[in-house]
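In: Below are the sequence and a predicted model; questions follow.
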Amino acid sequence: MILEVKEITKKFGGIQALTDVSFRVNQGEVFGLIGPNGAGKTTMFNIITSMFPPTTGEVVFIKKRLTGKKPYQITKEGVCRTFQNIRLFPDMTVLENVTVGQHCRTSSGVWSGVLKLKSQRMEEESIKRKARDLLRLVGLEELEDSFADNLAYGQQRRLEIARALASDPKLLLLDEPAAGMNEKETNDLFELIQKIKKLNMTILLIEHDMPLVMKVCDRMAVLNFGKKIAQGTPEEIRNNPAVIEAYLGREEEDELA
Amino acid sequence: MLAELINPYYLQVLSFILINIILGISIYITLSTGQLSLGHAGFMGIGAYTSAIVTINYDLPLIVGILLGAIVAGLTGILIGLPTLRLQGVYLAIATLGFGEVVRVLFINWEGMTQGAVGISSIPHIGRELVTGLRDTGFTADMIGIRSNQLISVLVFLILLVVTILLISFFVRQHRSRVGRAFAAIKMDESAAEAMGINITYYKVLAFAQGALVAGFAGALYAHITAYISPSDFSYHRAVEILIFAVFGGSEVIAGPIFGAIFLTSMPELLRDVSEYRYMIYGVILVAMMAFRPQGLIDYNMIHKLKRLRKKKDQKTIDEKESKRHDIGS
Ligand SMILES: Nc1ncnc2c1ncn2[C@@H]1O[C@H](COP(=O)(O)OP(=O)(O)OP(=O)(O)O)[C@@H](O)[C@H]1O
Ligand SMILES: [Mg+2]
């Protein structure tokens, strides 16, 4: 077990975004976190990465308590994420975005940077090399000099993944990586996730694209209105009446509206 | 010959341009993490007063006084930077503006130390000290055929030029390093930067302190070039003037505030008639820039395009060489 989410509850004023949610993610698996809009999935990511604290409960990562740590410390521990509403550094080039991701694994300070010490130059070399390797992995190697802002939507999503991978995470959190992608891009993404998995990484995936989720996840948990309503393998989830109810119920509501 | 070429007045204008460039750099550093400070006149004043007081009252050498001025300003920067970390944009601007006013009022009221509103005069002058020093080694101005006050202006200008070039290359190198990338990431998206493993508290305070240190350094140099300072030198007007260098020239790349400082300092000198309306023009520039080019005249895009042009040129010459080789080969 690599990640343990223990009885997390989160209140925003009157809204209860998460109620007593617990789950465990095993080393090396792709774990899906699914549920209808507003179910609390992104809120869970924000709590795991300490963007804000939970109201109650705690998150433990390889025997270390993450709750109460700062976001940058959590990245250093080996948990890194992408954002649902893409948050690249827009005025940086593609390559620079990935180099920033390596910040917590490198150490040059003001003086070694200004004096260009040998250690610093070597570090810069290796930062660039690794960034290019990652760009090749996600298929953006030819765009390294473009501004992140100028990339197409699907490319930006892949760049976010490369940037997160640059921090050498043991656990990678992906928030709707397939959103806005066409079928071909989604297939590429599927293959990318398979490749990342082979790099000995654990993935926690939020995704609305059900075929993708069913194909790529080993296990998954389903949230609805902030509560966990099911957990299991794709097969178990597909046939779970509560899950069908949650999704169908929403659709009927939509139809009525 | 040389004697006719050297005009102390022009050299003095050039020296003030250089001081303003250093001030422009100081605001650029703070802005490069997205922090908007109106306290730089205060830091400048702290540097100026510290150096003036220790060189006059304790007879410390100029260089020690100037460095001490910069350090005291930098430490004050840490003290101000830490509690204001949570403030963004206009709230930080207002808080630092308040800080600048507190500093100015302190200079006015702490009469025992600062001589109040009258200001401190007969501060040791960099140029004069140097000429005296040179005389002791046997070198005098007439040996190269110029007057002593000409030598003084030349020396002041050269020292400032060297110091400015050193500072620029320091911060250009920092910008291209891991630290510079962290600054830029924080400026573009603070929480994304933190999620990517950057300790934003550390880097924001570092940038704030560096900006304060450089402003204090500029202030100390200013004190030893004008030989006279008073609280009104470090008022709200100065804070806005420093900010305008970056607003006009641009704050995305270091060339921006440098250009802003050069242009806005030389403009009133070149156009004598407009110098009366200096602050009015600043106001117009502020409004016009905010409306038409909020990132300032020089921005990332411009630099990026220039780089691309150069790359293309390089590529062209490589291609040409290649084709020549082929020609020879065939
Ligand atoms: N910072 C916040 N402040 C107040 N309410 C919030 C905040 N973040 C989320 N919420 C609320 O919490 C609930 C869960 O939101 P969340 O973004 O976690 O949903 P989600 O499962 O990610 O949905 P989607 O699939 O649409 O991305 C929503 O009702 C949302 O409005
Ligand atoms: Mg979401």
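Out: Thanks, I have the structure now. Ligands and ions are numbered 1, 2, ... in the order given.

In: buried sites along stretch A:36-44?
Out: Neighbour counts over stretch A:36-44 (16 or more other Cβ atoms under 10 Å in any protein chain shown) mark A:36, A:39, A:40, A:41, A:42, A:43, A:44 as buried. Every C-beta, even on glycine, is put in place using the N, C-alpha and C of the backbone.

In: Might one say that the third one is in contact with residue A:18?
Out: Think residue A:40. Yes: the criterion here is Cβ atoms under 8 Å, and residue A:40 meets it with residue A:18 at 4.6 Å.

In: re the thing from before, can you list the buried residues of stretch A:36-44 in TSV and add distance to chain B and pLDDT?
Out: As requested, the buried residues of stretch A:36-44 are arranged in TSV below (distance: Cβ to the nearest Cβ, whole Å; pLDDT from 0 to 100):
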residue	distance to chain B	pLDDT
A:36	25	92
A:39	22	94
A:40	19	95
A:41	17	96
A:42	13	97
A:43	15	97
A:44	15	97
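
In: Looking at those residues, which are in helices?
Out: Taking DSSP state H, the ones among those that sit in helices are A:41, A:42, A:43, A:44.

In: which secondary structure element contains the closest residue to ligand 1 within chain B?
Out: In chain B, no residue comes nearer to ligand 1 than residue B:191, which is 11.5 Å away by Cβ to the nearest ligand atom. Using DSSP states H and E, the element containing residue B:191 is helix B:190-195.

In: now for that helix, which elements pack on it?
Out: The contact analysis (3 or more Cβ pairs under 8 Å, 6 or more residues apart in numbering or on different chains; DSSP states H and E) places helix B:190-195 against helix A:71-77, helix B:178-188, helix B:200-226.

In: re the thing from before, any common contacting residues for residue A:40 and residue A:18?
Out: Counting by Cβ atoms under 8 Å, 6 or more residues apart in numbering or on different chains, the residues touching both residue A:40 and residue A:18 are A:10, A:223, A:226.

In: Let me see the confidence value for residue B:5.
Out: Here, the pLDDT recorded for residue B:5 equals 73.

In: how close does it sit to chain A?
Out: Distance, residue B:5 to chain A, using Cβ to the nearest Cβ, to the nearest Å: 36 Å.

In: Buried residues in the helix holding residue B:191, which are they?
Out: Those would be B:190, B:192, B:193, B:194, B:195, for helix B:190-195 by 16+ other Cβ under 10 Å.

In: For the closest residue to the last one other than its chain neighbours, the count of nearby residues, please.
Out: Counting by Cβ to Cβ, 6 or more residues apart in numbering or on different chains, the nearest residue to residue B:195 once its immediate chain neighbours are dropped is residue A:71, at 5.2 Å. For residue A:71, the count of nearby residues is 26 (other Cβ atoms under 10 Å in any protein chain shown).

In: and residue A:71, what is it in contact with?
Out: A:49, A:50, A:51, B:191, B:194, B:195.

In: Am I right that residue A:87 sits in a helix?
Out: No: going by DSSP: H, G, I helix; E, B strand; the rest coil, the assignment for residue A:87 is coil, not a helix.

In: who touches it in this structure?
Out: Per Cβ under 8 Å, 6+ apart, neighbours of residue A:87: A:160, B:189, B:191, B:192.

In: ok, now how distant is it from residue A:66?
Out: 20 Å (Cβ to Cβ, to the nearest Å).

In: picking that back up, so what's the residue of chain B closest to ligand 1 closest to, chain neighbours aside?
Out: residue A:51 (6.6 Å).

In: likewise residue A:101?
Out: In space, residue A:101 is closest to residue A:166, 2.9 Å off (Cβ to Cβ, 6+ apart).

In: Just the pLDDT at the closest residue to ligand 2 within the stretch 51-200 of chain B, thanks.
Out: Residue nearest to ligand 2 within the stretch 51-200 of chain B (Cβ to the ion): residue B:195, separated by 15.1 Å. For residue B:195, the pLDDT comes out at 96.

In: That one touches residue A:80, doesn't it?
Out: Yes: if you go by Cβ under 8 Å, residue B:195 and residue A:80 touch, sitting 7.4 Å apart.

In: Stretch B:23-31 close to chain A?
Out: No: figure legend: stretch B:23-31 not in contact with chain A (Cβ under 8 Å from any Cβ of the partner chain); closest approach 11.3 Å.

In: ok, residue 43 - contacts?
Out: By default, I'm working from chain A. Residue A:43 makes contact with A:10, A:17, A:18, A:226, according to Cβ under 8 Å, 6+ apart.

In: that's the wrong chain, I meant chain B
Out: Residue B:43 is in contact with B:26, B:73, B:76, B:77, B:211, B:212, B:213, B:215, B:216, B:219, counting by Cβ under 8 Å, 6+ apart.

In: possible to save these as TSV with pLDDT?
Out: As requested, the contacts of residue B:43 are exported to TSV (pLDDT from 0 to 100):
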residue	pLDDT
B:26	97
B:73	97
B:76	97
B:77	96
B:211	97
B:212	97
B:213	98
B:215	97
B:216	98
B:219	97
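
In: now, which of those residues sits nearest residue B:256?
Out: residue B:26 (13.4 Å; Cβ to Cβ).

In: So that closest one versus chain A, what's the distance?
Out: On the measure of Cβ to the nearest Cβ, residue B:26 and chain A end up 16 Å apart.

In: Who are the contact partners of that residue?
Out: By Cβ under 8 Å, 6+ apart, the contact list for residue B:26 reads B:40, B:43, B:44, B:211, B:212, B:213, B:214, B:215, B:218, B:242.

In: Residue A:144 now?
Out: Contacts of residue A:144 by Cβ under 8 Å, 6+ apart are A:93, A:94, A:95, A:131, A:132, A:135.

In: ok, 6 Å please
Out: Contacts for residue A:144 (Cβ atoms under 6 Å, 6 or more residues apart in numbering or on different chains) come out as A:94, A:95, A:135.

In: ok, and the most crowded of the residues you listed?
Out: residue A:94 leads the contacts of residue A:144 on contacts (other Cβ under 10 Å) with 27 neighbours.

In: Redo the buried residues of helix B:190-195 as TSV? Include distance to residue B:297.
Out: Output for the buried residues of helix B:190-195, formatted as TSV (distance: Cβ to Cβ, whole Å):
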residue	distance to residue B:297
B:190	26
B:192	28
B:193	27
B:194	31
B:195	33
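
In: just these now: which is nearest residue A:210?
Out: residue B:195 (27.4 Å).

In: Taking the stretch 1-150 of chain B, what residue is nearest to chain A?
Out: Going by Cβ to the nearest Cβ, chain A is nearest to residue B:29 of the stretch 1-150 of chain B, at 11.3 Å.

In: in what helix or strand does that residue lie?
Out: Assigned by DSSP H and E, residue B:29 belongs to helix B:8-31.
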